[in-house]
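Undergrad: Below: sequence and its predicted model.
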Amino acid sequence: MASPLACLPVGTCYSFLHPIFMSTKRRLALRIFVVIIFLYFSLLKIFAQPVIGNEQLAISNGQSATSTIKHPTSNIQPPVFNLQSAAFNIGPSTISPQPKFEFRAAWIATVSNIDWPSQKALPVEVQKAEYILLLDSLQHIGINAVIVQVRAAADAFYPSQYEPWSEYLEGVQGVPPAPYYDPLQFMIDEAHKRNMEFHAWLNPYRAVFDLKTSSISPTHITRVHKDWFLTYGKIKYFNPGLPQVMQYVTGIVKDIVTRYDIDAIHMDDYFYPYRITGKEFPDDATYRKYNNGLTEDDWRRSNCDSIIKMVHEAILNIKPMVKFGISPFGVWRNKSQDTDGSDTQAGQTNYDDLYANILLWLKEGWIDYVAPQLYWEIGHKLCNYETLLNWWSNHSYGKHVYVGHGLYRTVEHPTTAWRNSSELPDEIQLLRSNKNVQGSIYFSAANFFKNPNGWADSLKDNYYHSPALIPPMSWVDTVAPQAPSVYNFLESKLKGSDAGFTLYAKANDVNETETIKSYVVYVSPSYAYLGAAPSYIIPAASGLKENGLEDFQVNFLQSQIPVEWSSCYIAISSVDKENNESKLSNIVRLVRTHEGWVIPK
């Protein structure tokens, strides 16, 4: 990610970000771990990436939306979802209309321990506790996907036969966690428990992050195939022009896609490196050998084109439902360089300096989404957020566009614009007004702990007040699951504030072909509005399979139903792994009487 970020101690998080729905045992365990974290890291210094910020490049030239599952105690009890925490999420907030489908993600950077783990060589229990707290906090403000860096520099946050364990885990590259666990599997499982997509973030070409300070294992690929690498500045890179490098990096992707239940492969802006003034990237010998009559610039672009196409084809051959996304630098080309470019004055661009022809990849269908890093503010003189938002939306070629927001700008030498509490809300409203933009990604996750400009509160209470489904991709899959069935609806025997209802439901999986990942609960005062805005999204993975049917029950209180309602309609839908939603279940109704809410006879 082309941006610096301070790594914040977990102990500094605001109380509103603490997870709410959890079992007593898990709550106690997390409290113990958080205390441990605070004691370990109360004196942590702030770490930061070397500055390669986008603006510099331009100038140079509680309570979560879903409930905790109380697991059944026997093999005949359905899982129970208690929706008893607060009033129903009944649709758009009063401040901002909210889409039913919206990608709401955060980058979790591991390089230099930016977001997670907070530092090297933490006890495994603390590593896990930090990640759980991070996910719970993100879920609490409405995030529905995480993009986690699992390969920062030809290393791995998982057991790999190709690359050594990352130094950002145990402090020394090649050393596995002790006691042993698989961080990637753990992270995927925890994300999916919270109805969050997990996108595995890889840096394709960076091999050694810092030649002076990085730990390098004796078995690292830079020691095994020294002729594959080039040094530029203080970083060692794979040579993008070598066919064996393309095959090797594609093999890494194949390994991850084959072994893990990820939702997407994600790459950021680091293709050819950002230019260093007065230094040329030292690939002349490779160019002379492999140029095939192309100019040097066209040859470099063709190398990036080739690896993107190879990764795309590899994913299709292994798991065609896994998505592939790119998060490029925010400017493809300036209009001064290309009439099809944006009306900007960026000092470096994707096409001319990083040799990443993003538009070709979108046009050819090699990638499923683009997440341009629009880290400039609205009205920036050289690279205006609104100008770039509209440019990318007009050049998506039918693929998804998720805007990258520079949350770090509020803590990394903030300008007046980034002290303005309206900046992020205005950015969100602009992208929501654009039909070709499907959501947001925030760089990066740890910044939310400081609640910059009150934006974590603003997302939770207003802009992400209602949960959102992740937008499906029609070119990936369009087959929706069958609608679930509500087979019983009962009133509790309790009275007063404890009075409530229990809804019993199951999947209609006769001849079901789709893998169901979640159920959506809709609650509305209007029959016509039912299904327009999710009230809750609950995971299906913890459901009990019995006789081929998955049963679950949902509990809620009468006090959660707004007092101004006279009727209350409830229905459920199913969502499959490709984010296709079923039709609604049969609908149940409550009516208000002088004695309270009742099930009509």
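TA: It's in.
Undergrad: burial of residue 429, as a residue count?
TA: 14 (other C-beta atoms under 10 Å). (Glycine included, C-beta is placed from N, CA and C.)
Undergrad: which of the residues in stretch 516-524 are buried?
TA: Within stretch 516-524, the residues scored as buried using 16 or more other C-beta atoms under 10 Å are 516-524.
Undergrad: Relative to residue 387, how far out is the spatially closest residue to residue 417 that is not a sequence neighbour?
TA: The spatially closest residue to residue 417, leaving aside those adjacent along the chain, is residue 377, at 3.9 Å (C-beta to C-beta, 6 or more residues apart in numbering). Going from residue 377 to residue 387 by C-beta to C-beta, to the nearest Å gives 12 Å.
Undergrad: Would you mind telling me which of these two has the busier surroundings?
TA: Each of residue 377 and residue 387 has its neighbours counted (other C-beta under 10 Å); residue 377 has more, 22 against 19.
Undergrad: ok but that one is inside a helix, no?
TA: No. Counting by DSSP: H, G, I helix; E, B strand; the rest coil, residue 377 is not part of a helix but coil.
Undergrad: Remind me which helix or strand the closest residue to residue 262 other than its chain neighbours belongs to.
TA: Spatial nearest neighbour of residue 262, excluding adjacent residues (C-beta to C-beta, 6+ apart): residue 200 at 4.7 Å. If you go by DSSP states H and E, residue 200 is part of strand 197-202.
Undergrad: name the helices or strands packed onto the next helix-or-strand element following that strand?
TA: Counting by DSSP H and E, the next helix or strand C-terminal to strand 197-202 is strand 206-208. Judged by 3 or more C-beta pairs under 8 Å, 6 or more residues apart in numbering; DSSP states H and E, strand 206-208 is in contact with helix 221-224, strand 235-238.
Undergrad: mind listing what's buried in strand 206-208?
TA: Using 16+ other C-beta under 10 Å as the burial criterion, the residues of strand 206-208 that qualify are 206-208.
Undergrad: Stretch 157-164: how far from the chain's middle?
TA: Taking the mean of its C-alpha atoms, stretch 157-164 sits 22 Å from the chain's own mean (C-alpha atoms, centre = their mean, to the nearest Å).
Undergrad: can you give me the helices in the stretch 501-601 of the chain?
TA: In the stretch 501-601 of the chain, no segments count as helices under DSSP state H, counting those that start in this stretch.
Undergrad: Stretch 221-235: which residues count as buried?
TA: 221-222, 228-230, 232, 235.
Undergrad: Residues in contact with it: which ones?
TA: Stretch 221-235 has contacts (C-beta atoms under 8 Å, 6 or more residues apart in numbering) with 154, 162-163, 206-212, 216-217, 236-239, 242, 244-245, 248, 273, 276, 279, 281-283.
Undergrad: From start to finish, how long is that stretch in a straight line?
TA: 15 Å (C-alpha to C-alpha, to the nearest Å).
Undergrad: on that earlier part again, of the contacts of stretch 221-235, keep whichever come out buried.
TA: Counted by 16+ other C-beta under 10 Å, the contacts of stretch 221-235 give 154, 163, 206-209, 216-217, 236-239, 242, 245, 248, 273, 281, 283 as buried.
Undergrad: what's the weakest-modelled helix or strand in this protein?
TA: strand 69-70 (a mean of 26; mean pLDDT, DSSP states H and E).
Undergrad: and residue 288, how many residues sit next to it?
TA: Residue 288: 9 surrounding residues under other C-beta under 10 Å.
Undergrad: could you say what helices and strands the helix or strand hosting it packs with?
TA: Secondary structure from DSSP H and E places residue 288 in helix 284-290. Contacts defined by 3+ C-beta pairs under 8 Å, 6+ apart place helix 284-290 against helix 296-318.
Undergrad: and the residue most central in space within the chain, helix, strand or coil?
TA: For the chain, residue 146 is the residue whose C-alpha lies nearest the centre (C-alpha atoms, centre = their mean; 2.5 Å). Secondary structure for residue 146, judged by three-state DSSP, is strand.
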